[in-house]
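*Asks:* I would like the atomic coordinates for the input below:
(one chain, ligands or ions: 2)
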Amino acid sequence: MTQAILTPAARTGTKPETGPDTGAGGNARKVFVKTYGCQMNVYDSERMGDALSRDGYVTVDSVEAADLVLINTCHIREKAAEKVYSQLGRLAKLKRQRNAEGGDLMVAVAGCVAQAEGREIIRRAPVVDVVIGPQTYHRLPEALARARNGEAVVETDFPAEDKFDGLSATPEKAIRARGVAAFLTVQEGCDKFCTFCVVPYTRGAEVSRPVGRILEEAERLAQAGVREITLLGQNVNAWHGKGADGREWGLGELIRRVATIDGIDRIRYTTSHPRDMDEALIEAHRDLPELMPYLHLPVQSGSDRILKSMNRRHTAEDYLRLVEKIRLARPDIALSGDFIVGFPGETDADFEDTMRLIAEVNYAAAFTFKYSIRPGTPGADMEGQVNEAVKTERLARLQDLISQQTRSFGRECVGKVVDLLLEKPGRNTGQLIGRSPWLQPVIVDAMAGEIGDIVRVRITQPGTSGLFAEVVE
Ligand code: 5AD
Ligand code: SF4
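*Replies:* Ligands and ions are numbered 1, 2, ... in the order given. Predicted structure coming up:
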């Protein structure tokens, strides 16, 4: 898989929102939510925020203003746990100050580091009141109540019930505050066990949410003004479920159905594993104008030897043929990828295979990583760990090639007329930012329309952090 769906910063980060109807001031409890990592963590933070808002919390935008700090952690980051512990050290200091002044501070740690470390977090950082893994978020309000009674709560099992069933629907007001492009988790966990990756251990086995639940949530989003939905899963294209017609559906069929929802004009999905790109999904790209021509399809390496040792279960050639097939179905599709350099045993020749694959595919964007050990994964014990200087040099060359490709993709867009979904105000007044079908941020004059409009624009020039465009009359 996928890969844990890391995204550009523009889409991550949990924005403070207007709280529940209790009003933001007064005696409401205040929570500060800090989100690291992938889009799924952003989604989970939103859902936890919803649960807390029903529990009387309002969201604030600083630790200083908060009674509760909720850290939603990511284990994909290098030295992820150590970074969390040093952050908890700072929070312990703040709590001591608060206590000295007669106040208090509660701390909850969620996400994949919580899952991986469990009780160890409370042992090493007694400031923490609640440790809660990604599959138990529906228990958060109850866990906080127990913590208020003095218990140190650790909730890291993989319960049989669907966590989303326990988290009731997001209020319309909160959906509106989050904007016109929303995330919707359809699948979680991973059974692929790539040898570098912690996800199968922290997020657990692959689970698909049922069709009915997904459609209900998509309808609610549409009713609250959302026009673009990104379906999320660590291994999103492994999603399957029983369709309305009684047949077993895959992601392609699900997307076809979501596309019929009034108001949903754009659909994306991430992250996909090459092995799970089936015919129905490729046909959805061919047939559905709502399905945006952008695909995050990580390959990690271009060397068959390394792919095998990574347990990716496909060859470089398999991937290239797949890309060819997808492009045949949707010629203007933009591809992005994830790459790891310096996986154990990677030689210069293996790395050159990766560079060749990149040159052949021609990516619109990519996330690039130096291999780093995740304890407990098979890669950690492999021979032939690559030295840091070599990784640094390979990463620089790879990034150089990718950024050339990204820039030339931007340049090729100049002159094209595209539909832009206006998402938010630009950095400068008088500007709005929207997304092109290929996920590029595009800056237009604020007179182009209102947030939530889809407008026709002509791309005029590439910029440093996006493209510029003008409205086509
Ligand atoms: N070292 C480096 N990169 C990693 N990724 C996952 N695990 C590791 C690791 N141990 C990268 C993969 C994945 C992305 C989300 O993070 O490229 O697709
Ligand atoms: Fe993706 Fe592989 Fe990790 Fe699964 S094990 S989340 S397929 S990188």
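*Asks:* for the protein, what's the longest helix?
*Replies:* The single longest helix within the chain, with elements called by DSSP state H, is helix 388-413.
*Asks:* that one vs ligand 1: in contact?
*Replies:* No - judged by Cβ under 6 Å from any ligand atom, helix 388-413 makes no contact with ligand 1; its nearest approach is 9.7 Å. C-beta: built from backbone N, CA, C; applies to glycine.
*Asks:* elements contacting that helix?
*Replies:* strand 334-341, helix 348-361, strand 365-370, strand 454-462 (3 or more Cβ pairs under 8 Å, 6 or more residues apart in numbering; DSSP states H and E).
*Asks:* return the most buried member of the ones you listed.
*Replies:* Comparing the helices and strands packed on helix 388-413 by mean neighbour count (mean count of other Cβ atoms under 10 Å), strand 334-341 ranks first with a mean of 23.
*Asks:* can I get that one in CSV, CA atoms only?
*Replies:* Taking C-alpha atoms only, strand 334-341 is exported to CSV below (Å, rounded to 0.1, in the frame of the first residue of the first chain):
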residue,chain,number,x,y,z
ALA,A,334,-1.3,12.7,-13.7
LEU,A,335,0.6,10.2,-11.6
SER,A,336,2.4,10.7,-8.3
GLY,A,337,4.4,8.2,-6.4
ASP,A,338,6.4,7.4,-3.2
PHE,A,339,10.0,6.4,-3.4
ILE,A,340,12.4,5.0,-0.8
VAL,A,341,16.1,5.3,-1.4
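*Asks:* near ligand 2, which residues of the stretch 201-350 of the chain?
*Replies:* Going by Cβ under 6 Å from any ligand atom, the residues of the stretch 201-350 of the chain near ligand 2 are 234-235, 273.
*Asks:* ok so, going back, I'd like the helices and strands packed on helix 388-413 as JSON lines, with distance to W239 appended.
*Replies:* Compiled in JSON lines, the helices and strands packed on helix 388-413 are given as follows (distance: least, Cβ to Cβ, whole Å):
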{"stretch": "strand 334-341", "distance to W239": "19"}
{"stretch": "helix 348-361", "distance to W239": "24"}
{"stretch": "strand 365-370", "distance to W239": "22"}
{"stretch": "strand 454-462", "distance to W239": "26"}
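*Asks:* mind checking these for the one nearest to A147?
*Replies:* Taking Cβ to Cβ, strand 365-370 is the member of the helices and strands packed on helix 388-413 nearest to A147, at 35.5 Å.
*Asks:* angle of that closest one against helix 348-361?
*Replies:* Angular relation of strand 365-370 and helix 348-361 on a 0 to 180 degree scale: 170 degrees, by axes from the mean of the first three to the mean of the last three Cα atoms, to 10 degrees.
*Asks:* sorry, back to before: relative to A80, which of the helices and strands packed on helix 388-413 is closest?
*Replies:* Distances from A80 to each of the helices and strands packed on helix 388-413 were compared by Cβ to Cβ, and the smallest falls on strand 365-370, at 13.1 Å.
*Asks:* hmm, that closest one in reach of ligand 2?
*Replies:* No - against ligand 2, strand 365-370 shows no contacts by Cβ under 6 Å from any ligand atom, the least distance being 10.7 Å.
*Asks:* who wins for most neighbours among the residues of the stretch 201-350 of the chain next to ligand 2?
*Replies:* The most crowded member of these, judged by other Cβ atoms under 10 Å, is Q234 (29 neighbours).
*Asks:* make a markdown table from the helices and strands packed on helix 388-413 and add mean pLDDT and distance to D191 to it.
*Replies:* As requested, the helices and strands packed on helix 388-413 are exported to a markdown table (pLDDT from 0 to 100; distance: least, Cβ to Cβ, whole Å):
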| stretch | mean pLDDT | distance to D191 |
| --- | --- | --- |
| strand 334-341 | 98 | 18 |
| helix 348-361 | 98 | 25 |
| strand 365-370 | 96 | 22 |
| strand 454-462 | 96 | 37 |
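*Asks:* now do the contacts for R29.
*Replies:* 55-58, 67-68 (Cβ atoms under 8 Å, 6 or more residues apart in numbering).
*Asks:* now swap in E117 and tell me
*Replies:* 81, 84, 131.
*Asks:* what's whatever helix or strand the second one lives in in contact with?
*Replies:* Assigned by DSSP states H and E, V84 belongs to helix 80-100. With contact meaning Cβ under 8 Å, 6+ apart, helix 80-100 is reached by 63, 69, 71, 73-75, 77, 104-105, 107, 109, 112-113, 116-117, 121, 124-128.
*Asks:* please check those residues and keep the buried ones.
*Replies:* Members of the contacts of helix 80-100 that pass the buried threshold by neighbour count (16 or more other Cβ atoms under 10 Å) are listed as 69, 71, 73-75, 77, 105, 107, 109, 112-113, 116-117, 121, 125, 127-128.
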